[in-house]
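Novice: just to be clear, the model below is a prediction. Sequence and coordinates:
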Amino acid sequence: MKILAASESVNLPTGFAIATRHLATHWADAGHEVVNLGWQYQGHDWKYYENEDSGGSVRLVPNGPEGFATWKPDGTNTILSRYFRDEKPDLLWSLTDIWLTESLARDAHECGVNYVNYFPIDAEPADPGWVSIIKNTTVPVCMSKYGVRVLEDVLEQTNVKKRLEMVYHGVDTENFRPYSAVEKEAIRKRVGIPKDAFVIGFVGRNCTRKQLPRLLAAFDAFAADHKDVLLVLHVGSPIDGWGWNLPKLIKQSGYKHVQGRVLFTGKLLTALHGVTDEKMADIYSLMDLHASATSGEGFGIPTLEAMACGVPNVITDYTTSSELVGGRGWLVPVQTYIVGDRLGQRAIVDISAMTAAFQEAYDDRALMKKYSRAGVKFAEKHTWKAKADEFMRIFEKL
């Protein structure tokens, strides 16, 4: 089977790229040919991965000179139609935000190519404008039960009947695993964190959707009564234009208990420069808790990676996070909702409730261990190979 996979370039460290890379390589291991049309990639056609035993491979092919925005005047995608003609794929699969797939769905429909559209939904209600995209999609695939419910609501309102599939993201459980006490102590020593410190961490981009100021506020209130607590932030750039100047915010916010207790990991990271999966597992191993004040998640790969590492989550009780973390960590109540981008409802987490969750975890280490075991057990069911197999069953029904 030849799969044209349109998404982030598989050689990047972004969430979409990580998912595409793992799925594509597993499909190649099963003997399939995957052609990755990476939005950012402008290089030559090259073989990124090959399994000599199965004969499968992953090739990275260039996008147009203007990337995702390379359209004809009529709105169709010049690059996509060319690859349909030259590659003759059995199907088009994409992983990106749904509002970016209008031309993909239309071109695939007009060219008679089966289209499996995999996308996150991180707020509600769904945009009625997405209905036309769904109509031109052979199989829409949400990455959470939450996403299915939100999309079903808008389809019902517009009298459109469409079979929806659901496939969670996966995790590499060979790399993301619980570290031994000896391993954890060694890594903490290497970065200068006392072995007995209580460490709360966050992994994700510094962007407004992640609501990092509320996480800082919750940590500040918690740290007021504890001298042995630290906050580790793996956020890419601490001064990202999509978020906040975090060092400046910490200095000027009045959160005196945060100052001197925050560790930013590594260099300023971008979508083109990240860290290896092995180093990411080391970062999770520094933590006792993984915490997020997010206003909504389409999935949340760090949530699942933390679980796989045996690190319980403290996270906003909204969107996909609720179904991933429920019974396996702390779900923090929403204080209020605001209208966000694309008119979606965004959650504003209750800071006091998040602080209380930190305190409960600090006081009840037995409960932390219970959530840790439950998280690991959940993650073990959701490997990338399992996700690749789920998609293959969808492909084989086309």
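Specialist: That came through fine.

Novice: quick one: low-confidence residue ranges for the stretch 251-398 of the chain.
Specialist: 266-274 (pLDDT under 70).

Novice: can you map out the strands along it?
Specialist: 262-264, 289-292, 313-316, 330-332, 334-339, 345-349 (DSSP state E, counting those that start in this stretch).

Novice: how about these in JSON lines, adding distance to residue 162?
Specialist: For glycine as for every other residue, the C-beta is placed from the backbone atoms N, C-alpha and C. Conversion of those to JSON lines gives the following (distance: least, Cβ to Cβ, whole Å):
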{"stretch": "strand 262-264", "distance to residue 162": "44"}
{"stretch": "strand 289-292", "distance to residue 162": "32"}
{"stretch": "strand 313-316", "distance to residue 162": "29"}
{"stretch": "strand 330-332", "distance to residue 162": "30"}
{"stretch": "strand 334-339", "distance to residue 162": "27"}
{"stretch": "strand 345-349", "distance to residue 162": "23"}
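
Novice: wait, which of these is closest to residue 123?
Specialist: The closest of the strands of the stretch 251-398 of the chain to residue 123 is strand 345-349. By Cβ to Cβ, the value is 5.5 Å.

Novice: quick one: the closest one to strand 334-339, angle?
Specialist: 150 degrees (axes from the mean of the first three to the mean of the last three Cα atoms, to 10 degrees).

Novice: show me what strand 345-349 is packed against.
Specialist: helix 212-223, strand 334-339 (3 or more Cβ pairs under 8 Å, 6 or more residues apart in numbering; DSSP states H and E).

Novice: residue 365: which of the strands of the stretch 251-398 of the chain is closest?
Specialist: Among the strands of the stretch 251-398 of the chain, strand 289-292 sits nearest to residue 365 (Cβ to Cβ), with 11.3 Å.

Novice: could you list the low-pLDDT ranges of the stretch 1-150 of the chain?
Specialist: For the stretch 1-150 of the chain, the stretches flagged by pLDDT under 70 are 65-77.

Novice: can you give me the helices for it?
Specialist: For the stretch 1-150 of the chain, applying DSSP state H, counting those that start in this stretch gives helices covering 15-29, 78-87, 102-111, 131-135, 145-157.

Novice: deepest-packed of those, please.
Specialist: helix 15-29 (a mean of 23; mean count of other Cβ atoms under 10 Å).

Novice: what residues does that helix touch?
Specialist: 1, 3, 5, 7-11, 34, 36, 38, 49-51, 54, 56-58, 95-96, 169-170, 172, 299, 301, 384-385, 387-389, 391-392 (Cβ atoms under 8 Å, 6 or more residues apart in numbering).

Novice: 6 Å - rerun?
Specialist: Residues from elsewhere that reach helix 15-29, judged by Cβ atoms under 6 Å, 6 or more residues apart in numbering: 5, 7-8, 10, 34, 49, 51, 54, 56-58, 95, 169, 301, 384-385, 388.
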